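Colleague: sharing a sequence plus its predicted fold:
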Amino acid sequence: MSLNILVDTIFVGNWIGDVAIAAINVVLPVSFFIAALGMAIGIGGSSIISRAMGDNNYSKAKTTFGNMISITLIITVVLVVVGLLFIENLVPAFGGKGAIYEPAAIYYRIVLYGVPILAMCMMGNNVIRAEGAPIHAMIAMLIPSIGNLLLDYVFIKYLGWGMMGAAWATTASYGLCFLYVAGFFISGKSELLCSIKDFVPNFSIIREIGALGFVSLSRQATTSVLYLILNNILFELGGEESVAVFGIIGRMMMFALFPVLGITQGFLPIAGFNYGAKKYDRVREVIFTSIIWACILGTIIFLLLILNTDFIGDVFTDTPQVIDRTSFALGLVFLSLPIISIQLIGAAYYQAIGKAIPALLLTLLRTAIILIPLLLILPNFFGETGVWISFPIADISATLITAYFLWKAMKKLKDNSAVKSPDFNHLN
């Protein structure tokens, strides 16, 4: 998914221009928020499915999946209709002003048509992982990346469709992903083949999906608000060029974090299944393993970024001012990348075990509670630099707080494991 957006931005920047990068950056918060509903429902429902399967309750797992499909379709279709009706208000509100408005409106309308399909892909992908089929989940995410790469070339470079081509390439690539995800469940590879009664709303299950899914939705919602605030602040500070710089930073942020987020997503079903089976030692083990490998990958990505800041800007655009400002911003924004996995996995742990309130608070901690207030304050004193230094301050602060709560949770898991499996070696 990150590669999909990254490739889209590189092609658009080189074949259409800097304003097109800014236009895509304006549209992303809207489409991401609606698509995030599918991911939120997928993660919330998958937590229930993982724990139900760990407890051998396959009837509950199937009913949960059926309800996930129903509510994903209903909610996303309604929101797409609303989004299309208020296009002239939403695009400028998210920073689509001046020369950015027209290409942003073109991209917005076409991408929005495919958002329900994307939401179904995100929801289904989480369920595939919860069933213990990560290879199929990986293939499902590779399909839109490869599809978008090929379709971008055909629609933008070969047919000369400009922004319309970039939008249709993205939408069509997720259509291909949906065909694969649907095929997984229909072909009999899944144990969650639903009957008609499973699609009938079960309000007890919907409440639980909503409580746990709201954590992921809140994360994406705050990301959308973050983009809204940043696009408007940067437009005021430096016009279209500053918005284009953040467009590049935003793409690299997604790309740089994808190994860490991938480990976090892989962590969720394993932690949920073993917690449901009361295998607390194994839950501790997967926490340790996930953090260690995510920190290693985060450090490698950090070093690659820091050593290639000039090259990264040059890949996206040939405008010297944008390249220079991007290089400077990259060094600050990604300063805490080696340790951010502690914060992400700490919040994911509470989601995996069904504790919605602490999961929500820790998820909102970095962006909503710390980063957004910093962005409203620091640029008043440090200008555009204040925008970029807000990121590492928020990351480090949120990581330290989350680490404290995760350490307490690990201690509790150890105590529960000792009660469940007492040591009788001293009797020998």
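Modeller: Happy to help now that I have it.

Colleague: what about the helices in the stretch 201-350 of the chain?
Modeller: 203-276, 280-306, 309-316, 320-333, 340-352 (DSSP state H, counting those that start in this stretch).

Colleague: quick one: the longest one to helix 340-352, angle?
Modeller: When you say that, I think you mean helix 203-276. Here helix 203-276 runs at an angle of 120 degrees relative to helix 340-352 (axes from the mean of the first three to the mean of the last three CA atoms, to 10 degrees).

Colleague: what mean pLDDT does the host helix or strand of Asn14 get?
Modeller: Using DSSP states H and E, Asn14 maps to helix 2-15. Average pLDDT, helix 2-15: 74.

Colleague: stretch 315-327 now?
Modeller: The average pLDDT within stretch 315-327 is 79.

Colleague: list of residues touching it?
Modeller: Applying CB atoms under 8 Å, 6 or more residues apart in numbering, the contact partners of stretch 315-327 are 9-10, 13-14, 18, 21, 238, 241-242, 244-245, 248-249, 251, 309-310, 312-314, 384. To be clear about C-beta, it is placed using only N, CA and C from the backbone, and glycine gets the same treatment.

Colleague: picking up where we left off before, now render the helices of the stretch 201-350 of the chain as a markdown table, adding mean neighbour count and distance to Val91.
Modeller: Listed next are the helices of the stretch 201-350 of the chain as a markdown table, based on neighbours: other CB atoms under 10 Å; distance: least, CB to CB, whole Å:
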| stretch | mean neighbour count | distance to Val91 |
| --- | --- | --- |
| helix 203-276 | 21 | 11 |
| helix 280-306 | 18 | 31 |
| helix 309-316 | 18 | 22 |
| helix 320-333 | 19 | 22 |
| helix 340-352 | 26 | 31 |
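
Colleague: about what we covered before: what packs against the helix holding Asn14?
Modeller: helix 18-54, helix 134-152, helix 163-186, helix 203-276, helix 309-316 (3 or more CB pairs under 8 Å, 6 or more residues apart in numbering; DSSP states H and E).

Colleague: can you add distance to Lys355 and give these back as a markdown table?
Modeller: Formatted as a markdown table, these follow (distance: least, CB to CB, whole Å):
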| stretch | distance to Lys355 |
| --- | --- |
| helix 18-54 | 10 |
| helix 134-152 | 24 |
| helix 163-186 | 29 |
| helix 203-276 | 9 |
| helix 309-316 | 39 |
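
Colleague: among these, which comes closest to Ile357?
Modeller: Set against Ile357 and scored by CB to CB, the helices and strands packed on helix 2-15 come closest in helix 203-276, at 8.6 Å.

Colleague: tell me the angle the closest one makes with helix 2-15.
Modeller: Relative orientation of helix 203-276 and helix 2-15, computed by the same axes, to 10 degrees: 110 degrees.

Colleague: for helix 203-276, the averaged confidence score.
Modeller: The model assigns helix 203-276 a mean pLDDT of 82.

Colleague: show me where the stretch 51-200 of the chain dips below the pLDDT cut-off.
Modeller: Nowhere does the stretch 51-200 of the chain drop to pLDDT under 70.

Colleague: my guess is Asn416 meets Val283, correct?
Modeller: No: look at Asn416 against Val283 with CB atoms under 8 Å: they stay out of range, at 9.3 Å.

Colleague: okay, now the nearest residue to Pro144 once chain neighbours are set aside: neighbour count?
Modeller: Computed as CB to CB, 6 or more residues apart in numbering, the closest residue to Pro144 that is not its neighbour in sequence is Ser173, at 4.0 Å. Number of residues near Ser173 (other CB atoms under 10 Å) recorded here: 24.

Colleague: and Ser173, how far is that from Phe155?
Modeller: 11 Å (CB to CB, to the nearest Å).

Colleague: do Met68 as well
Modeller: Distance of Met68 to Phe155, computed by CB to CB: 32 Å.

Colleague: which of these two has more neighbours?
Modeller: For the pair Met68 and Phe155, the greater number of neighbours falls to Met68 (31 against 22), based on other CB under 10 Å.

Colleague: the more buried one: which element?
Modeller: Per DSSP H and E, Met68 falls inside helix 58-85.

Colleague: chain center to that helix, what's the gap?
Modeller: Relative to its parent chain, helix 58-85 has a centroid offset of 18 Å by CA atoms, centre = their mean, to the nearest Å.

Colleague: buried ones in that helix?
Modeller: Across helix 58-85, burial judged by 16 or more other CB atoms under 10 Å covers 60-73, 75-76, 79-80, 83.
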